[in-house]
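> Generate a structure from the sequence data that follows.
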Amino acid sequence: MSEKNLEQTIIRRGLVTPEELETCKAHRDRLSTGQEQPKGLLEVMVAAKALTPTQAQRLVREIGKESQRKHEIPGYQIIDRLGKGSMGIVYKAKQTSVDRVVAVKVLLDVLASNKEFIRRFQREATIAARLNHTNIVNAIDAGESNGLYYFVMEYVEGITIKDVIEKGHVYDEPEALRIVLAVAEAMKHAHERGLIHRDIKPENVILTRDGNVKLADLGLARLTADEKQAVAEAGMAIGTPYYISPEQVRGATDVDIRSDIYSLGATLYHMVTGRPPFPGDDPTEVMKKHVDKTITLTPPDHLNTRLSSGLGEVVETMMARHRENRYRDPSDLIIDLKALVEGKRPVIAEQKADTLAKLAEGEVDEDEGFYEAGGAGMTDAERIELAGIVNARNNIITILAILLGLSLVSNVILMLAR
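Modelled structure (predicted):
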């Protein structure tokens with residue numbers, strides 16, 4: 001509710017006289033001079049004893065209920081307000097036809113007359129309707145009623161990764177891998193349907209009460225093939241500074257799933273180190289760090305020595321500045337994440353690191369970099385099989401090296417004995 005409406009409500013209910021209200025407003029303006037966060041009118045009125053705390057609290061509750069009544073939607077009963085974003089208000093509600101609790105996002109009244117904002121809001125609902133996955137907050141319904149645009153989603157009770165991180169918690173490797181693997185599965189589902197999220201970050205990963213992981217908020221998502229939208233957004237840095245990919249910083253028009261992989265890598269980095277990959281208070285400076293080749297990413301296992309070197313290699317591959325050096329798609333990433341879960345080496349990350357090292361030394365021949373070039377037509381099963389073969393080969397090499405070392409030691413002992 002606007003301040004003007006608040007003032008009218010206070011007068012209409014006879015809580016103060018118009019003269020008393022004007023006195024409180026003038027006092028509020030004097031107190032707020034030079035303050036970054038001006039005091040609210042109700043706060044000043046309580047301090048001036050024009051209202052009791054109980055009256056102010058009751059007024060806030062009643063105003064909230066009035067706002068909810070304005071947002072009545074056929075078939076849904078508003079229960080509570082969950083939060084407000086840049087484009088909409090989210091309510092907890094009951095879908096009366098099936099007696100289930102849902103989340104309802106409503107386009108802000110001030111935006112409901114703007115065709116562009118209506119289009120964006122409806123696009124989010126349309127994109128969400130393409131998806132149906134256990135690790136994604138799924139869409140249920142969308143529509144318009146008496147000029148009110150709404151989007152209904154499953155109601156998820158839980159906390160976000162951001163909530164956990166802000167409490168000072170640093171994830172151990174097994175738990176972080178479990179969560180990120182679930183998000184990667186969600187990304188794979190979206191990728192197979194031609195979608196990119198474009199804003200993967202701790203705030204958009206929800207941990208439910210029953211231990212499930214949900215990827216949320218498709219407000220910035222778009223179809224990879226939507227060239228019209230890509231051109232319209234050319235040059236715009238779309239994403240969140242701490243987790244945005246270099247190509248998103250540059251406003252590239254051909255952003256693809258590898259951008260989401262970068263953002264998930266930055267999220268994983270923050271989870272296991274307790275800090276974002278490129279810290280800073282100025283969003284512009286932080287985004288520059290994602291692009292600046294002279295700034296090297298500190299490997300996560302250097303900041304948290306409890307982490308395996310394999311996890312460090314996976315994160316560095318996910319966050320490679322050149323997207324050609326990242327995992328090609330979520331399927332490749334999932335292979336390496338599962339390998340880490342099983343205590344094996346991340347074959348694809350190591351293959352890419354080896355190829356890059358040889359490129360730097362000019363030693364790569366036509367058969368090198370199979371994953372980067374020749375593997376594009378492989379099925380997931382073939383990739384997993386190849387990864388298993390490479391892991392087995394590496395194990396054999398390790399065993400042979402150990403046996404060779406034991407043999408050399410035995411020979412030395414025999415020589416000394418003679």
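
> drop to CA atoms for contacts and neighbour counts, all remaining ones
Will do.

> all strands of the chain, in order?
Using DSSP state E, the strands of the chain run over 76-84, 88-95, 100-107, 139-145, 148-154, 158-160, 195-196, 205-208, 213-215, 222-223.

> burial of residue 288, as a residue count?
16 (other C-alpha atoms under 10 Å).

> before we move on, what about residue 51?
When counting by other C-alpha under 10 Å, one arrives at 18 neighbours for residue 51.

> and it, what does it touch?
Residue 51 sits next to 15, 16, 42, 45 when contact means C-alpha atoms under 8 Å, 6 or more residues apart in numbering.

> what does residue 246 give?
287, 290, 291, 321.

> what about this structure, any weak spots by pLDDT?
For the chain, the stretches with pLDDT under 70 are 1-5, 32-39, 62-71, 225-227, 229-230, 232-233, 359-418.

> Could you list the domains of it?
3-69, 71-154, 159-366, 378-418 (automatic domain parsing).

> Tell me which of those sits most buried.
Mean neighbours per residue, mean count of other C-alpha atoms under 10 Å, is largest over those for domain 159-366, with a mean of 19.

> circling back: of all the contacts of residue 246, which comes closest to residue 117?
Taking C-alpha to C-alpha as the measure, residue 117 sits nearest to residue 287 out of these, at 26.3 Å.

> Skipping adjacent residues, who's closest to that closest one in space?
Leaving out its chain neighbours, the residue that sits closest to residue 287 by C-alpha to C-alpha, 6 or more residues apart in numbering is residue 241, at 5.4 Å.

> Please tell me how far the one you found sits from residue 50.
The gap separating residue 241 from residue 50 is 44 Å, by C-alpha to C-alpha, to the nearest Å.

> can you put the strands of the chain in JSON lines and add distance to residue 24?
As requested, the strands of the chain are exported to JSON lines (distance: least, C-alpha to C-alpha, whole Å):
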{"stretch": "strand 76-84", "distance to residue 24": "28"}
{"stretch": "strand 88-95", "distance to residue 24": "30"}
{"stretch": "strand 100-107", "distance to residue 24": "33"}
{"stretch": "strand 139-145", "distance to residue 24": "39"}
{"stretch": "strand 148-154", "distance to residue 24": "35"}
{"stretch": "strand 158-160", "distance to residue 24": "40"}
{"stretch": "strand 195-196", "distance to residue 24": "51"}
{"stretch": "strand 205-208", "distance to residue 24": "43"}
{"stretch": "strand 213-215", "distance to residue 24": "46"}
{"stretch": "strand 222-223", "distance to residue 24": "48"}
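
> Out of those strands, which gets nearest to residue 317?
The nearest among those, by C-alpha to C-alpha, is strand 195-196 at 18.9 Å.

> Now do the closest one: which elements does it pack against?
Under the contact criterion of 3 or more C-alpha pairs under 8 Å, 6 or more residues apart in numbering; DSSP states H and E, strand 195-196 touches strand 222-223, helix 257-273.

> residue ranges of the helices in the stretch 51-200 of the chain, please?
All helices of the stretch 51-200 of the chain, identified by DSSP state H, counting those that start in this stretch, fall at 53-70, 115-128, 161-166, 173-192.

> now the angle from the last one to helix 115-128?
Direction vectors for helix 173-192 and helix 115-128, defined by axes from the mean of the first three to the mean of the last three C-alpha atoms, to 10 degrees, enclose an angle of 110 degrees.

> who touches helix 173-192?
Helix 173-192 has contacts (C-alpha under 8 Å, 6+ apart) with 131, 133-136, 196-197, 205, 213-215, 257, 260, 264, 268, 271-272, 307, 329-331, 333-334, 337-338, 340-341.

> The shortest one now?
By C-alpha under 8 Å, 6+ apart, the list of residues contacting helix 161-166 from outside reads 202, 203, 204, 205, 206, 207, 271, 274.

> Alpha carbons only: can I get that helix in CSV?
What follows is helix 161-166, C-alpha atoms only, in CSV (Å, rounded to 0.1, in the frame of the first residue of the first chain):
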residue,chain,number,x,y,z
ILE,A,161,21.9,-22.6,-0.1
LYS,A,162,22.3,-18.9,0.4
ASP,A,163,20.5,-19.1,3.8
VAL,A,164,22.9,-21.9,4.8
ILE,A,165,26.1,-20.1,3.6
GLU,A,166,25.1,-16.8,5.3
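
> Tell me how far it lies from the chain's centre.
Offset of helix 161-166 from its chain centre (C-alpha atoms, centre = their mean, to the nearest Å): 12 Å.

> And the second one, by the same measure?
Here the centre of mass of C-alpha atoms in helix 115-128, compared against the chain's by C-alpha atoms, centre = their mean, lies 19 Å away.

> which residues are in contact with that helix?
87, 107, 111-112, 138-139, 142, 149, 151, 195, 218-223.

> Check the separation of the first and last residues in stretch 247-264.
15 Å.

> between the strands of the chain, which gets nearest to residue 348?
strand 195-196 (22.3 Å).

> Can you give the strand pairings for that closest one, parallel or anti for each?
strand 222-223 (antiparallel) (DSSP bridges).

> on that earlier part again, can the contacts of helix 161-166 go into JSON lines with extra columns for distance to residue 172?
Shown next, in JSON lines, are these (distance: C-alpha to C-alpha, whole Å):
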{"residue": "202", "distance to residue 172": "16"}
{"residue": "203", "distance to residue 172": "19"}
{"residue": "204", "distance to residue 172": "20"}
{"residue": "205", "distance to residue 172": "17"}
{"residue": "206", "distance to residue 172": "17"}
{"residue": "207", "distance to residue 172": "16"}
{"residue": "271", "distance to residue 172": "8"}
{"residue": "274", "distance to residue 172": "11"}
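
> Tell me the one of those nearest residue 349?
residue 271 (19.8 Å).

> I figured the closest one was touching residue 167, is that so?
No: between residue 271 and residue 167 there is no contact under C-alpha atoms under 8 Å: 11.8 Å.

> Quick check: residue 154 touching residue 95?
No: using C-alpha under 8 Å, residue 154 is not in contact with residue 95; the gap is 10.4 Å.

> List the residues that contact residue 238.
Per C-alpha under 8 Å, 6+ apart, neighbours of residue 238: 198, 199, 220, 244, 248, 249, 251.

> In a markdown table: those residues, plus distance to residue 349.
Supplementary listing: the contacts of residue 238 in a markdown table, determined by distance: C-alpha to C-alpha, whole Å:
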| residue | distance to residue 349 |
| --- | --- |
| 198 | 23 |
| 199 | 24 |
| 220 | 29 |
| 244 | 21 |
| 248 | 23 |
| 249 | 24 |
| 251 | 27 |
